[in-house]
Structures are given as structure tokens and as C-alpha cells.
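>>> The amino acid sequence is not available; the structure is as follows:
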């Protein structure tokens, strides 16, 4: 069983991954932000480091998915390989922060890698307004995130909505983060009920 949690920066993916992992006793796979050697450089100079950053994430996520399937364990994954390509790399290219040459090379790599992996059994998409994202980004206080612009978050949100609208790889559950607080047990219970309805058909 492989559940993946998708959503914009600050939507609560890591918190929900941790809570669901604890509830079900499943292994959690987190996004590698603390050990990413390109992230700080990327936020300081997006144009220079965009390709390097995206290839690092692509490689990291591909390894994760291969490990998940080979382990045979029940796993909850924080962010998917599809977001790297359809959201972040595509957005960087559209903003002229990644050259067409680099983008085409990147997409070629992604298409090859994605042909070797299985999609998650359930994709949970965390939908959040820009104001909620900003509030949660400020709350966690990561230095390298201080320079994230509102228009960048807005563009990412638009790309997420387009991707989710066309998502056909498997089961999909959309959670509206604006009306929930993942630190509250009652709100986590609401999410768990929805997850179980999708996975097991329990209503």
C-alpha cells in the first residue's frame, strides 16, 4: 500500500504524513529538504540553480518510489515525483527561470523514470489558499523560505489545480486545508475517515 500526499509549499504535507504514519503504523517517506545541497542556493538565485535543484529532487523521488515498491511495506510519502515535473519544473520554465534546453532534458529524464514506476494507490491532494500557505510557511520559519513570493505560490496553486483536474493514474482524495488544522485530533479524524472511505469503501 502506497499513499502519497501532494500539495503546495506550506499546505501541511509533512504534518499530515507524520500523523497518518503514526495512526496506521505505516512507514513515512519525507521530502529531503534538510539535506538538499541546492535548496538554499536556489532561493538565492533561481535561474542559476533551477535545473540542478529539479534533477536532485527527481533523482531523490525516483529512488524513494523504487524503495517503496521493493520494500513491500505500507508507506505514506510526502510529495510525489509527478509534482516535480508537472508543477515545479514546468512553472520554472514558464517563468523563464529554467531554459528550454534544460527543461526539455529534464522532461525527457522524467518520462523515462516515470515509465519504470507505479503510481500511488491513493493520492491525497491538500488544497490551500495562498493566505493559508503564507501563514503556515511563516509559522515554521525556515530561513530559505522567507524570500518566496506570493505570485510564485499563486502560480504553483494554479498548476496544482490543472494537474489534479487531469489526474487519472489512480484514486484521488482532495482535502481542503483552509477549513482544517492538522494539529487538532478531531480534524485528523475527519481526514482518516475520508482516507478509509477511499481505500476500503467504508462510509
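It's in. If you're wondering where the values come from, they're calculated on a predicted model, not measured in any experiment.

>>> in this structure, which spans are strands?
For the chain, applying DSSP state E gives strands covering 2-7, 27-29, 75-78, 122-127, 171-176.

>>> Paired strands for the shortest one, with orientation please.
Pointing back at strand 27-29 there. Note on strand 27-29: by DSSP bridges, its sheet partners are strand 75-78 (parallel).

>>> in this structure, which ranges drop under the pLDDT threshold?
For the chain, applying pLDDT under 70 flags the ranges 32-34, 141, 143-147, 202-203.

>>> and the residue nearest the centre of it, what is it in contact with?
Nearest to the mean C-alpha position of the chain, by C-alpha atoms, centre = their mean, lies residue 79 at 2.8 Å. Counting by C-beta atoms under 8 Å, 6 or more residues apart in numbering, residue 79 makes contact with 4-7, 13, 31, 61. All C-beta spots, glycine's among them, are computed from the backbone N, C-alpha and C.

>>> quick check: longest helix of the chain.
Across the chain, the longest stretch assigned as helix under DSSP state H is helix 46-71.

>>> Distance to residue 129 and neighbour count for the contacts of residue 79 - can I get that in TSV?
Listed next are the contacts of residue 79 as TSV, based on distance: C-beta to C-beta, whole Å; neighbours: other C-beta atoms under 10 Å:
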residue	distance to residue 129	neighbour count
4	22	28
5	18	27
6	16	25
7	12	26
13	16	26
31	22	19
61	26	25
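
>>> So of those, which two are at opposite extremes in space?
Greatest spacing in these, by C-beta to C-beta: 7 and 61 (14.9 Å).

>>> Report the buried residues of the longest helix of the chain.
46, 49-51, 53-58, 60-62, 64-65, 68 (16 or more other C-beta atoms under 10 Å).

>>> picking up where we left off before, quick one: which of the strands of the chain is nearest residue 106?
Closest approach to residue 106 among the strands of the chain is made by strand 2-7 (19.0 Å; C-beta to C-beta).

>>> which neighbours does the closest one have in its sheet, and in what orientation?
strand 75-78 (parallel), strand 122-127 (parallel).

>>> Let me have those strands in CSV, extended by mean neighbour count and distance to residue 162.
What follows is the strands paired with strand 2-7, written out as CSV (neighbours: other C-beta atoms under 10 Å; distance: least, C-beta to C-beta, whole Å):
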stretch, mean neighbour count, distance to residue 162
strand 75-78, 24, 22
strand 122-127, 22, 12
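
>>> Would you reformat those strands as a markdown table and include distance to residue 102?
Output for the strands paired with strand 2-7, formatted as a markdown table (distance: least, C-beta to C-beta, whole Å):
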| stretch | distance to residue 102 |
| --- | --- |
| strand 75-78 | 26 |
| strand 122-127 | 27 |
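
>>> among those strands, which is nearest residue 86?
strand 122-127 (12.3 Å).

>>> Centre of the chain to that closest one, how far?
Chain-centre distance of strand 122-127: 9 Å, with C-alpha atoms, centre = their mean, to the nearest Å.

>>> Can you check what angle separates it from strand 171-176?
20 degrees (axes from the mean of the first three to the mean of the last three C-alpha atoms, to 10 degrees).

>>> neighbouring contacts of strand 122-127?
2-8, 11-13, 16, 80, 160-161, 164, 167, 169-178, 195, 198-199.
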